[in-house]
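> With the sequence up front, the predicted model follows.
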Amino acid sequence: MHPNVIESDETLAEIVRSARTVVVLGMKDESDPDAPAYTVPKAIQSRGMRVIPVNPKLQQALGEKAYPSLAGVPERADIVDVFRRSDAIPAIADEVLALPAEQRPRVFWMQTGVRNDGAAEKLAAAGIRVVQDRCLSVYASLYR
């Protein structure tokens, strides 16, 4: 595995401690209050991180304007947190890599149950740190 594919709890803690802005791809809104794609962003927002929703079906969530795609987000995220199936990850990785270098996230985080080693290697080789199959809110609650 590429060294930018992060497994160490110590490094995950450092990532979470330094993150300020999280783009949540596949985020849900208040209409689905029990969905992890809503409860996790809500939890990380409560810990002081700014959450920017990306979902073409939403206008806003958690008081933030929603964007239909990553390319539409006007600022660089520290973390892109992905709530999509593992088989969707290669296309999302390509979308991230198509962004101008200054718009690419520092970290591409795949939520619990989401993993794609090929896409992770591709992103890591491009200088983006990658986390697979981990819940961001767990680390936010432990290390914020």
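Happy to help now that I have it.

> Only C-alpha atoms from now on, for both contacts and neighbour counts.
OK.

> Can you show me the strands along the protein?
5-6, 21-25, 50-54, 60-61, 64-65, 79-82, 107-110, 129-131 (DSSP state E).

> what about Ala91, neighbour count?
11 (other Cα atoms under 10 Å).

> no wait, Pro36
17.

> Could you check the pLDDT of it?
pLDDT for Pro36: 96.

> about what we covered before: so can I have CSV of the strands of the chain showing mean neighbour count, mean pLDDT and distance to Ala13?
Listed next are those as CSV, based on neighbours: other Cα atoms under 10 Å; pLDDT from 0 to 100; distance: least, Cα to Cα, whole Å:
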stretch, mean neighbour count, mean pLDDT, distance to Ala13
strand 5-6, 21, 92, 11
strand 21-25, 24, 97, 15
strand 50-54, 27, 97, 17
strand 60-61, 19, 97, 26
strand 64-65, 13, 98, 25
strand 79-82, 26, 98, 13
strand 107-110, 26, 98, 13
strand 129-131, 24, 97, 12
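
> Of all these, which one is nearest Glu121?
Of all these, it is strand 5-6 that lies closest to Glu121, at 7.3 Å by Cα to Cα.

> hey, where'd the helices end up in this protein?
Assigned helices in the chain, in chain order: 9-18, 36-46, 89-98, 117-125, 136-143 (criterion: DSSP state H).

> Just send the ones you listed back as TSV, with distance to Glu64 too.
Output for these, formatted as TSV (distance: least, Cα to Cα, whole Å):
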stretch	distance to Glu64
helix 9-18	20
helix 36-46	11
helix 89-98	21
helix 117-125	27
helix 136-143	18
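
> ok so, going back, can you list the strands of the chain in TSV and add distance to Ala140?
Formatted as TSV, these follow (distance: least, Cα to Cα, whole Å):
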stretch	distance to Ala140
strand 5-6	16
strand 21-25	12
strand 50-54	13
strand 60-61	20
strand 64-65	20
strand 79-82	12
strand 107-110	13
strand 129-131	14
